[in-house]
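Chemist: what would the 3D arrangement of this be:
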Amino acid sequence: MSFDFNFKVVLIGSPRVGKTSLIIKYIDAIFKPFRTTTVGVDFKFKDLEIDNKGVRLEIWDTAGEEQYRNPLTSSIYKNADTAIIVFDLTVEGTLKEVDYYIKEIDDNCRIDPLIVIVGNKCDLIEKEIENIEEKIKEISQGKEFKLFKVSAKDGINVNELFEFIAKELKEKKELNKHLHHKKINTGLDQNENNLNQSKVIKNSDLIQIKQKKQGCC
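Modeler: Here you go, the predicted model:
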C-alpha cells in the first residue's frame, strides 16, 4: 500500500502503564502482558486508509524509566507529529505524572504536536481512579487534550485511538498545505497588481510628457 502521509507518533508515560502492550495490540491484534521495562526506544509501522488517502504511522515505543529515556529525549521528540501520554487508570500516581510529560513535550518540541492522553486498563473499571476527567483538567492547566480510555488487553478503543490520530493529522496537514498555497497565490496576485499599477503610472507619465511636448510646439 502506497501512502500520501507519513506521521511520527510517540508513546510516553510512566513505567508499566502498558505502552508496549498497546502498540502490540494495535499492530498485531494480540495481547502480551510485558513484565520487563522497555530499554531505549523501538518503533513499528502501521499503514491505513483515511478518506481514500494512504497514511503511514511511525509509532515509537519509549522507555518509562528515566535512566533509559534521558539520553534519547531529543531524538524521541524530534519531528514528532503526535505525543500519546499513557497512564494507568487504576494507579493515580501515573495520572499525576501526566503533567511531567506535558512539560517535557513543551520543552523539547519545536512544533506543537497533537497531544492525546490515554488511560489504559479500562477493563478494570471497578479499580478505576475517581473523577479522572476533572483531575486531567487540573493537570492540563486550561489546555484541552483529547482523552481516550482504552484496554490493551481487550482491545477497547485501541483502533479508534490511532484512527482518530491519523485523521486529525491528515486534516491538519491538508489544511496547512491549502493555506500555504493560498499564501503563495495571494503573493503572486499582489505582485501582479503592483506590476499593473506600475504600468499605469508609467503610461500616465508618458501621456503627460506628450502633452508637454505638444504645448511647446
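Chemist: ok, now how distant is the residue lying closest to residue 167 once chain neighbours are set aside from residue 81?
Modeler: The shortest distance from residue 167 to any non-neighbouring residue, by CB to CB, 6 or more residues apart in numbering, is to residue 50 (5.2 Å). C-beta here means a position set from N, CA and C on the backbone, and glycine is covered the same way. From residue 50 across to residue 81, the span is 14 Å (CB to CB, to the nearest Å).
Chemist: ok, the residue nearest to residue 167 - contacts?
Modeler: By CB atoms under 8 Å, 6 or more residues apart in numbering, residue 50 lies in contact with 163, 166-167, 170.
Chemist: before we move on, what about residue 82?
Modeler: 7-10, 113-116, 165, 169.
Chemist: relative to residue 17, how far out is it?
Modeler: 17 Å.
Chemist: what do you get for residue 142?
Modeler: Residue 142 is 25 Å from residue 17, by CB to CB.
Chemist: check residue 49 too.
Modeler: On the measure of CB to CB, residue 49 and residue 17 end up 30 Å apart.
Chemist: and for residue 176?
Modeler: Relative to residue 17, and taking CB to CB, residue 176 is found at 32 Å.
Chemist: residue 171 versus residue 53, what's the distance?
Modeler: For residue 53 relative to residue 171 (CB to CB), the value is 10 Å.
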